[in-house]
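> The sequence isn't on hand, but the structure is:
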């Protein structure tokens, strides 16, 4: 119902600009979860830390630590998320080689669906992303969390040093 | 792994996500957020450098972040994706060549309205649609699917979620701090109460001071 209501409000649009049309079609073919994760991470860095820094419901120290951790979390999560998704989608290529009819499956087409698809690219992206989630069950704890902790501590130390030098300047005056 | 189980798994993925990149992004996004939130909560709990008072804010913040993020991601992103799909499927948003084909072949009656199905019109009985035109429509649909899913995920993850989770977490922090303050007040009253033995021995005279 909500979808119908929103769709009704949106005006009609016939895309005639060839460059725009090419870009939209290109996105559908080439953009998948790694690019989505990267764009989410970059846009997150442009908004989330500032929302934390200007959160008036908590004291200033908490605001700073919270913003530091948010930046650390975004950097750690985005870098590992993008890399693992990209690597898994690339790896799927090795297991989805086309096979001739009547020929037995080998490891090279282990992950091909039994029914043929018009294009395999969406399927490969989907399978690669799902396998990357299984990989991330381990890497979230082994890489993400420790990397977030390490970066948070680095940023918090920098904030404290900056605050300490500011206090020293004020007391010297 | 049993090959028939593997085949079923591959066919399931192909059936549900083989031509729907937006749906795949939404579903895998939800699972991804659940897993990363669990790891981030663990990271805060085991980080000795964050003081207890700040952990009291950040742990509920992370729980709130996880809950709101996952719910907002699913609701907002899924809505954007569905709106995008409907706009293309109903013909409200179309590439020019597809629209021209429908108009020239007198198939455009009701174009853009609820219930109109562009794909059915293109592949209907008696319609000789060039394969290239069908591909143009499908590629356009995939592109809009991806673009609208991206827009929804950016809005939910970067604007809606941070604001809502901060409101939730700071409320939790205030509640927790109030509980701790209440507990410490009760402890100090208990130990300051004088006993009969204090009067007898005269050891503790602090409460006798005027």
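Structure received. Quick caveat, the model's predicted, so the values are computed rather than measured.

> How about the lengthiest helix in chain A and chain B, any contact?
Longest helix in chain A by number of residues (criterion: DSSP state H): helix A:60-94. Yes - counting by CB under 8 Å from any CB of the partner chain, contacts between helix A:60-94 and chain B involve A:61-62, A:65-66, A:69-70, A:73, A:77, A:81. From N, CA and C alone the C-beta is placed, and that goes for glycine too.

> Let's have these in CSV, adding neighbour count.
Listed next are these as CSV, based on neighbours: other CB atoms under 10 Å in any protein chain shown:
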residue, neighbour count
A:61, 15
A:62, 22
A:65, 24
A:66, 26
A:69, 28
A:70, 26
A:73, 27
A:77, 24
A:81, 24
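
> helix/strand/coil for the residue nearest the centre of chain A?
Centroid-nearest residue in chain A: residue A:37, 1.8 Å away (criterion: CA atoms, centre = their mean). Secondary structure assignment for residue A:37 (DSSP: H, G, I helix; E, B strand; the rest coil): helix.

> Residue B:94 too?
Assigned by three-state DSSP, the conformation of residue B:94 is strand.

> Now it. Nearest residue, chain neighbours left out?
Leaving aside its chain neighbours, residue B:94 sits nearest to residue A:14 (5.8 Å; criterion: CB to CB, 6 or more residues apart in numbering or on different chains).

> State the mean pLDDT of the helix or strand harbouring that neighbour.
Residue A:14 belongs to strand A:13-15 when assigned by DSSP states H and E. Across strand A:13-15, pLDDT averages out at 92.

> name the helices or strands packed onto it?
Secondary-structure packing of strand A:13-15 (3 or more CB pairs under 8 Å, 6 or more residues apart in numbering or on different chains; DSSP states H and E): strand B:93-95, helix B:96-104.

> neighbouring strands for that strand, and are they parallel or not?
Using DSSP bridges, the strands paired with strand A:13-15 are strand B:93-95 (parallel).

> which residues of chain B score low on pLDDT?
Counting by pLDDT under 70, chain B contains low-confidence ranges at B:1-3, B:125, B:183-210.

> of all of it, which residue lies closest to chain A?
residue B:142 (2.9 Å; CB to the nearest CB).

> Check residue A:143 and give its pLDDT.
Predicted confidence (pLDDT) for residue A:143: 86.

> and what of residue A:128?
On the pLDDT scale, residue A:128 is placed at 91.

> Any chance of JSON lines for the residues of helix A:60-94 next to chain B, columns pLDDT?
Output for the residues of helix A:60-94 next to chain B, formatted as JSON lines (pLDDT from 0 to 100):
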{"residue": "A:61", "pLDDT": "82"}
{"residue": "A:62", "pLDDT": "81"}
{"residue": "A:65", "pLDDT": "85"}
{"residue": "A:66", "pLDDT": "84"}
{"residue": "A:69", "pLDDT": "86"}
{"residue": "A:70", "pLDDT": "88"}
{"residue": "A:73", "pLDDT": "86"}
{"residue": "A:77", "pLDDT": "87"}
{"residue": "A:81", "pLDDT": "89"}
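
> Nearest to chain B: which residue in chain A?
residue A:28 (2.9 Å).

> okay, now the residue nearest to that residue when sequence neighbours are not counted: neighbour count?
Nearest non-adjacent residue to residue A:28, counting by CB to CB, 6+ apart: residue B:142, 2.9 Å away. Counted by other CB atoms under 10 Å in any protein chain shown, the residues lying close to residue B:142 total 24.

> Looks like residue B:142 contacts residue A:26 (just checking).
No - contact criterion CB atoms under 8 Å: residue B:142 and residue A:26 do not qualify, at 10.1 Å.

> so which of the helices and strands packed on strand A:13-15 is the most packed in?
strand B:93-95 (a mean of 25; mean count of other CB atoms under 10 Å in any protein chain shown).

> Mind listing residues that contact that strand?
The contact list for strand B:93-95, computed with CB atoms under 8 Å, 6 or more residues apart in numbering or on different chains, reads A:12-15, A:21, B:87-88, B:102, B:118, B:136-137, B:140, B:144.

> please redo it, this time with the cut-off set to 10 Å
When contacts are defined by CB atoms under 10 Å, 6 or more residues apart in numbering or on different chains, strand B:93-95 is touched by residues A:7, A:10-16, A:18, A:20-21, A:24-25, B:84, B:86-88, B:99-102, B:108, B:111-112, B:118, B:133, B:136-137, B:139-141, B:143-144, B:148.

> so where's chain A shaky on pLDDT?
Applying pLDDT under 70 to chain A flags the ranges A:173.

> can you give me the helices in it?
Under DSSP H, chain A gives helices at A:2-9, A:18-30, A:33-45, A:48-53, A:60-94, A:121-139, A:145-172.

> Please tell me how far the first one is from the chain's geometric centre.
Between the centre of helix A:2-9 and the centre of its chain there are 28 Å (CA atoms, centre = their mean, to the nearest Å).

> what residues does that helix touch?
So helix A:2-9 is contacted by B:75, B:78-87, B:89-90, B:92-93, B:112-114 (CB under 10 Å, 6+ apart).

> Keep only those of these that are in strands.
residue B:93 (DSSP state E).

> now, which of the contacts of helix A:2-9 lie within helices?
Among these, DSSP H puts B:78-87, B:89 in helices.

> could these go into TSV alongside neighbour count and distance to residue A:154?
Below are these laid out as TSV (neighbours: other CB atoms under 10 Å in any protein chain shown; distance: CB to CB, whole Å):
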residue	neighbour count	distance to residue A:154
B:78	20	37
B:79	16	38
B:80	25	36
B:81	27	37
B:82	22	42
B:83	22	42
B:84	26	40
B:85	20	43
B:86	19	47
B:87	22	45
B:89	17	49
